[in-house]
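Colleague: Next input, structure requested:
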Amino acid sequence: MSRMRLGIVLSLAMVGATPASLAAQTTPVDPVTVFLLHNRTVQGVVETPSGLQYKVIAPGDGGVRPSDADVVLITYKGMLTDGTTFDEAARPTPMPVAEVVPGFSEGLKLMPRGATYRFWIKPELGYGDAATGPIPAHSILVFDLQLLDFKSMDEIRRMQMQAQQQQGGMPVAPATR
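Modeller: Numbers count the residues shown, from 1 in each chain. I've put the predicted structure just below:
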C-alpha cells in the first residue's frame, strides 16, 4: 500500500469512517426501498414475510377468508405512491383470487368479508420491471380495497348452471350451414 493511501486510510479510521462506509454514502438510494422502509414504521402498517405491506381500515366480520379457489367481489382503487390513480372499480367487481398479481392475491387472502384494507405492493409482488399500461416499471402499487363477498369457483359454476336451467335449459350452439 502506498504511503498516501495508507495515510488516507489512517485518517479515515481516526474519524470513524471506513472506505466501505464512504462508498455506501455515495451509492444511489433506491426510492422503492426508502418508501417501504419508512412506510413500515407508520402506525398500523403491517409487513408480511414476503414484503407486502397493509393497513386495516375496517376489520370486517373476522370470519373466513378467501383462498386461491375463490372469486372475490370487491371495490377498489389502484394508485401509485404519488397518488396517481391507474385503476378503479367503484361498483362491485368479481375477481378470481388466483388470477391477479401475487401481492394482490396475498392481500385478499388476509381479508375477511366486509373488511377494507390498504395494500402497498412492492414491485417484486406486482409487475416488477415491466411497465403495464399507465404503471411504470418498478412501481409500488397502492390499493384501497373493500372485500364485499367471495364464493368458490365450484359454487359459482353451480349457480350459473342453475340460472341457465331456470332460463329454459342449456344454451344451444347456433346451427352452421
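Colleague: Give me the neighbour count for Q166.
Modeller: Residues contacting Q166 under the criterion other Cβ atoms under 10 Å number 8. Where you see a C-beta, it was placed from the backbone N, CA and C, and this is true even at glycine.
Colleague: just A163 next, same as before
Modeller: The tally of other residues near A163 (other Cβ under 10 Å) stands at 9.
Colleague: Report the contact partners of it.
Modeller: Counting by Cβ atoms under 8 Å, 6 or more residues apart in numbering, A163 touches no other residue.
Colleague: Tell me the pLDDT of it.
Modeller: At A163, the pLDDT value in this model is 86.
Colleague: for the chain, which helix is longest?
Modeller: Determined from DSSP state H, the single longest helix within the chain is helix 153-166.
Colleague: Export that helix to CSV, keeping only CA atoms.
Modeller: The C-alpha trace of helix 153-166 is given here as CSV (Å, rounded to 0.1, in the frame of the first residue of the first chain):
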residue,chain,number,x,y,z
MET,A,153,-65.4,-21.3,-8.3
ASP,A,154,-67.4,-24.5,-7.8
GLU,A,155,-70.2,-22.6,-6.1
ILE,A,156,-70.3,-20.0,-8.9
ARG,A,157,-70.4,-22.8,-11.6
ARG,A,158,-73.3,-24.4,-9.8
MET,A,159,-75.1,-21.0,-9.6
GLN,A,160,-74.5,-20.4,-13.3
MET,A,161,-75.9,-23.9,-14.2
GLN,A,162,-79.0,-23.3,-12.1
ALA,A,163,-79.6,-19.9,-13.7
GLN,A,164,-79.3,-21.5,-17.2
GLN,A,165,-81.7,-24.3,-16.3
GLN,A,166,-84.2,-21.8,-15.0
